[in-house]
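Q: only the shape, not the letters, is given here:
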């Protein structure tokens with residue numbers, strides 16, 4: 001009886017107190033792999049810049065009719081006209097500016113271009129917050145679209161993809177950032193516009209862009225440190241970035257897969 005009680009109590013207590021259940025370890029590892037899959041570390045600077053820009057646009061667009069009516073004192077017909085004009089100007093600017101930003105990325109590197117365009121986001125969202133003239137706001141949003149960090153962000157991500165699988169993962173990471181920005185932006189406007197108003201929402205966008213700017217400055221590795229060169233592959237990926245954002249930056253999984261296939 002002595003041997004049985006000693007062995008049973010000693011082994012049982014030792015195993016229970018000194019070890020972690022296998023199921024908990026497996027669950028933790030699975031969650032860690034899932035997080036790394038959704039938010040790959042090499043792509044995070046590009047994802048942060050994309051999220052910040054799209055969050056700002058997703059908050060601005062539904063709030064714009066309220067600004068036209070309340071701040072600019074427009075009639076319902078004028079609200080419709082100016083809302084369409086300002087929104088179109090922003091995306092037209094993005095379409096026209098894609099190639100210029102891509103060329104800047106070739107010369108300056110994706111990291112420096114990303115930092116410059118994020119700084120532009122901070123300044124332009126701040127100007128958007130305080131502007132009261134519709135014509136001036138249209139010009140500001142046109143410039144904001146033309147200097148958007150979206151091409152630079154996708155360039156940054158694709159340049160760090162080493163094979164076809166990583167290229168596909170990078171484009172999907174970019175698409176995830178776009179959709180998160182859109183989803184959260186609409187929620188913020190719905191819940192907080194009554195409290196924050198146009199000024200508060202756009203200053204929030206400027207702050208988020210500023211946080212992304214600091215994050216990229218600290219986390220993003222220098223292009224030269226990674227040995228990135230503008231090889232034939234680099235040119236192709238830059239062209240894919242321009243085309244992908246120009247055709248539709250809010251890419252669906254099917255579109256993301258198509259761009260990934262092009263990267264092989």
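A: Nice, thanks for sending it over. Remember, predicted model here, so these are calculated numbers, not experimental data. Numbering: from 1, shown residues only.

Q: for the helix or strand hosting residue 100, list every residue counted as buried.
A: Element membership for residue 100, per DSSP states H and E: helix 76-108. By 16 or more other C-beta atoms under 10 Å, the buried positions in helix 76-108 come out as 79, 82-83, 86-87, 89-91, 93-94, 97-98, 101-102, 104-105. Glycine gets a C-beta too; all of them are placed from N, C-alpha and C.

Q: helix, strand or coil for the closest residue to residue 170 other than its chain neighbours?
A: Distances taken as C-beta to C-beta, 6 or more residues apart in numbering put residue 157 closest to residue 170, at 4.1 Å, once the chain neighbours are dropped. Recorded secondary structure, residue 157: helix (DSSP: H, G, I helix; E, B strand; the rest coil).

Q: can you report how many residues lie near residue 157?
A: Residue 157 has 30 neighbours, counted by other C-beta atoms under 10 Å.

Q: wait, it sits on residue 174?
A: Yes. With contacts counted by C-beta atoms under 8 Å, residue 157 reaches residue 174, the gap being 5.7 Å.

Q: picking up where we left off before, can you give me the distance of the residue nearest to residue 170 to residue 63?
A: Applying C-beta to C-beta, to the nearest Å, the value for residue 157 to residue 63 is 29 Å.

Q: go on, residue 141?
A: Using C-beta to C-beta, one gets 13 Å for the distance from residue 141 to residue 63.

Q: between the two, who's got more neighbours?
A: Ranked by neighbour count (other C-beta under 10 Å), residue 141 and residue 63 place residue 141 first, with 27 against 20.

Q: thought the more buried one was touching residue 89?
A: Yes. Under the criterion of C-beta under 8 Å, residue 141 makes contact with residue 89 at 5.4 Å.

Q: kindly tell me how buried residue 139 is, as a neighbour count.
A: With other C-beta under 10 Å as criterion, residue 139 counts 16.

Q: if I pick it, what's in contact with it?
A: For residue 139, the contact set (C-beta atoms under 8 Å, 6 or more residues apart in numbering) comprises residue 89.

Q: circling back: common neighbours of residue 157 and residue 174, please.
A: Joint contacts of residue 157 and residue 174 (C-beta under 8 Å, 6+ apart) are 43, 46-47.

Q: make a markdown table out of these and add neighbour count and pLDDT.
A: Formatted as a markdown table, the shared contacts of residue 157 and residue 174 follow (neighbours: other C-beta atoms under 10 Å; pLDDT from 0 to 100):
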| residue | neighbour count | pLDDT |
| --- | --- | --- |
| 43 | 25 | 92 |
| 46 | 30 | 94 |
| 47 | 24 | 95 |
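
Q: please narrow the residues you listed to those residing in helices.
A: 46-47 (DSSP state H).

Q: relative to residue 151, which of the shared contacts of residue 157 and residue 174 is nearest.
A: Residue 151 lies nearest to residue 46 out of the shared contacts of residue 157 and residue 174, by C-beta to C-beta, at 10.5 Å.

Q: how is this protein partitioned into domains?
A: 2-32, 42-262 (automatic domain parsing).

Q: mean pLDDT lowest where, among those domains?
A: Among these, domain 2-32 has the lowest mean pLDDT, at a mean of 54.

Q: other SSEs contacting whatever helix or strand residue 165 lives in?
A: Using DSSP H and E, residue 165 maps to helix 164-219. Using 3 or more C-beta pairs under 8 Å, 6 or more residues apart in numbering; DSSP states H and E, the elements in contact with helix 164-219 are helix 22-38, helix 44-66, helix 110-130, helix 150-159, helix 253-262.
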